[in-house]
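S.K.: got a predicted structure here, sequence first:
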Amino acid sequence: MKKKVFLNAVVAGLLVFSGTGTAVFAHDEFGGGEEKGENLAGVELSVPLLEGSKNVGNLKEVAAVPLKQIREVKNTTGDVYGYKGYAYLGTHSANGGGGGVRVFDMKNPSNPVEVSYFAAIPGTWQEKVIVKSVNTPNFKGDLAAVSVQKVDRNNPNAKGGFALYDVTNPAQPKELGFWEDTSGSRGTHELYLTVQGNNVYVLTANCYADFYSHGEKMDVNIVDVSNPAVPKTIYEFDPRDYIGEVSNENYDGYNWTDEEGVKRVAFAHSVKTDVTGKTAFLSYWDLGTIILDITNADQPVYLGRTDFANEVQGAAHSMDLAKGGDVLVETREVFGPTRDGFESAYGYTMIYDIKDKTNPKLLSTFRTDFTEKIPGGATVHDPKVHGNTLYLSHYSGGVRTVDISDPSSPVETGVYIPSKSNIWGVFVDRNYVLASDIGSGLKVLQKNSGTAKGETK
């Protein structure tokens, strides 16, 4: 990989972003304190709140299951993923981490049973897990890719990166391989597992790898895991090589001064592909969602990116696709709604037409109305699309469902807020909705009757 030389060096820790010199911390690493989401107290409600219409009118909580303790430690949850009748819950960094991925048998959605765990690596936490069936000359079965981050970035005894497991039998996971991030960052924050025929790849979002390594390593890697025992990096994405507004002079891997002279933040937070595995979407904070053609995974082609108005805090956190891949849903995580020179707003959802991926066009935005009701938890987090319904995790704002039959006019159709809500992730699997509550574990929401237009059970 080519070495970068920064003409305007910045000392780590002295990260000033606003034009007036006010420190604005965009993400957990440089914000100090606990991992984002962990420090939200949640809102105590006398009973869970459930309201809505269409398919969510009859949505009800059918299970709320806490995590078992490992090593007599109470772990908090990360993201949630469903596959072949099992729920996979990542865990967070509270109480020293080491909680691994928890596997729940969902044969009876009203009684999920925790049957196993894996990747419970001391000194690390495992937020994201993706599971897919693969068939290569080296491995055939169900493969799980798990993000691994160090709780203490400077711990010499911990390794960050991602782990690979055979979960063909989810009750008996088997470790296959490990890919180590050597950039000096905590490791892989989010990742995505994608399949192109006999080729299997993991895309990584190693937040701040570029910054900590002074350009020696990049935030986004494409790793060939067709042989899970021997993961091999085949590509690293450097925004300086593709985006004219980004150069060594105005970007150090984290701090970025845009073409209007606005001081912003840019780093890879999340990665995903379309169903073909040939188009990648990189959620790159104030650089927006970057779109790559990865038909040739070792030689990606830059297509385009989403953009923000000058007064909008960027913070492209994660995304999903709708309308057969022609519509992109982008969630923006903004905990600090007040910043000089910008609109006053917590993070909200932006919906783009990407039929022409070289020129994404903003169709609409979706904002909730509970900013004053739930201070500190009023930002959107992750999106999942199922048919014409958008499901959003909203921390203390719970799970929100939005009708996007007309993407230019999204309409909120339901809200689920459990007591002390702190919803990190959401996933739609068959006829139920899985939600990971950071403090209390797995929530299962059953879709009993009624179906939104275009949605199948």
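M.R.: Sure, I can see it.

S.K.: list the helices and strands the biggest strand by length in the chain packs on?
M.R.: Among the segments of the chain that qualify as a strand by DSSP state E, the longest is strand 140-150. When contacts are defined as 3 or more C-beta pairs under 8 Å, 6 or more residues apart in numbering; DSSP states H and E, strand 140-150 packs onto strand 86-91, strand 124-125, strand 129-135, strand 161-166, strand 190-196, strand 199-205. C-beta: built from backbone N, CA, C; applies to glycine.

S.K.: partners of the fifth one in the sheet?
M.R.: Spelled out, that is strand 190-196. Using DSSP bridges, the strands paired with strand 190-196 are strand 199-205 (antiparallel).

S.K.: in the strand it pairs with, what counts as buried?
M.R.: For strand 199-205, burial by neighbour count (16 or more other C-beta atoms under 10 Å) applies to 200-205.

S.K.: what is the mean pLDDT for it?
M.R.: The average pLDDT for strand 199-205 rounds to 98.

S.K.: return the alpha-carbon coordinates of it using PDB.
M.R.: Provided in PDB are the C-alpha atoms of strand 199-205 (Å, rounded to 0.1, in the frame of the first residue of the first chain):
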ATOM      1  CA  ASN A 199     -15.700 -15.900  -3.900                       C
ATOM      2  CA  VAL A 200     -16.500 -14.700  -0.400                       C
ATOM      3  CA  TYR A 201     -15.500 -11.300   0.900                       C
ATOM      4  CA  VAL A 202     -15.600  -9.400   4.200                       C
ATOM      5  CA  LEU A 203     -15.800  -5.600   3.900                       C
ATOM      6  CA  THR A 204     -14.500  -3.800   7.000                       C
ATOM      7  CA  ALA A 205     -15.100  -0.400   8.600                       C
END
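
S.K.: for the longest strand of the chain, C-alpha coordinates in CSV please.
M.R.: Extracted C-alpha coordinates of strand 140-150, given in CSV (Å, rounded to 0.1, in the frame of the first residue of the first chain):
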residue,chain,number,x,y,z
LYS,A,140,-19.1,-25.3,2.6
GLY,A,141,-21.7,-24.3,5.2
ASP,A,142,-23.0,-21.3,7.2
LEU,A,143,-20.2,-18.7,7.8
ALA,A,144,-20.4,-16.0,10.5
ALA,A,145,-18.2,-12.9,10.3
VAL,A,146,-17.8,-11.1,13.6
SER,A,147,-16.3,-7.6,14.3
VAL,A,148,-13.8,-7.5,17.1
GLN,A,149,-12.7,-4.3,18.8
LYS,A,150,-10.3,-3.8,21.7
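
S.K.: use 58 as the first number for this chain going forward.
M.R.: All right, first residue 58 from here; so that's strand 197-207.

S.K.: relative to strand 256-262, how tilted is that strand?
M.R.: Here strand 197-207 points in a direction 20 degrees away from that of strand 256-262 (axes from the mean of the first three to the mean of the last three C-alpha atoms, to 10 degrees).

S.K.: check which residues of strand 197-207 are buried.
M.R.: 199-207.

S.K.: break down the stretch 58-207 of the chain into its strands, ranges please.
M.R.: 106-109, 116-122, 134-140, 143-148, 158-162, 170-175, 181-182, 186-192, 197-207 (DSSP state E, counting those that start in this stretch).

S.K.: same check on the stretch 408-514 of the chain?
M.R.: 418-423, 440-443, 446-450, 456-460, 468-474, 480-486, 489-494, 498-504.

S.K.: tabulate those (JSON lines), appending mean pLDDT.
M.R.: As requested, the strands of the stretch 408-514 of the chain are exported to JSON lines (pLDDT from 0 to 100):
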{"stretch": "strand 418-423", "mean pLDDT": "98"}
{"stretch": "strand 440-443", "mean pLDDT": "96"}
{"stretch": "strand 446-450", "mean pLDDT": "95"}
{"stretch": "strand 456-460", "mean pLDDT": "92"}
{"stretch": "strand 468-474", "mean pLDDT": "89"}
{"stretch": "strand 480-486", "mean pLDDT": "94"}
{"stretch": "strand 489-494", "mean pLDDT": "94"}
{"stretch": "strand 498-504", "mean pLDDT": "90"}
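
S.K.: tell me which of the ones you listed sits nearest to Gly139.
M.R.: strand 480-486 (3.2 Å; C-beta to C-beta).

S.K.: separation between the nearest residue to Val485 once chain neighbours are set aside and Asp486?
M.R.: Closest residue in space to Val485, ignoring its immediate chain neighbours: His443 at 4.1 Å, by C-beta to C-beta, 6 or more residues apart in numbering. Distance of His443 to Asp486, computed by C-beta to C-beta, to the nearest Å: 9 Å.

S.K.: count the neighbours of Tyr143 for me.
M.R.: By the criterion of other C-beta atoms under 10 Å, Tyr143 has 21 neighbours.

S.K.: cool, and the one 5 residues further on?
M.R.: One way to gauge burial is a neighbour count; for Thr148, by other C-beta under 10 Å, it gives 29.

S.K.: likewise Pro123?
M.R.: 14.

S.K.: tell me if I'm right that it and Ile495 touch.
M.R.: No: Pro123 lies out of contact with Ile495 (C-beta atoms under 8 Å); the separation is 11.9 Å.

S.K.: let me know the pLDDT of the spatially closest residue to Asp343 that is not a sequence neighbour.
M.R.: Using C-beta to C-beta, 6+ apart and skipping residues adjacent in sequence, the residue nearest Asp343 is Gly371, 3.2 Å away. We have a pLDDT of 88 for Gly371.

S.K.: shouldn't Gly371 be in contact with Thr388?
M.R.: No: Gly371 is beyond contact range of Thr388, at 11.9 Å (criterion: C-beta under 8 Å).

S.K.: name the helix or strand for the residue nearest to Tyr143 when sequence neighbours are not counted, please.
M.R.: Nearest residue to Tyr143, sequence neighbours excluded (C-beta to C-beta, 6+ apart): Pro227, at 4.7 Å. Pro227 is part of no helix or strand when elements are defined by DSSP states H and E.
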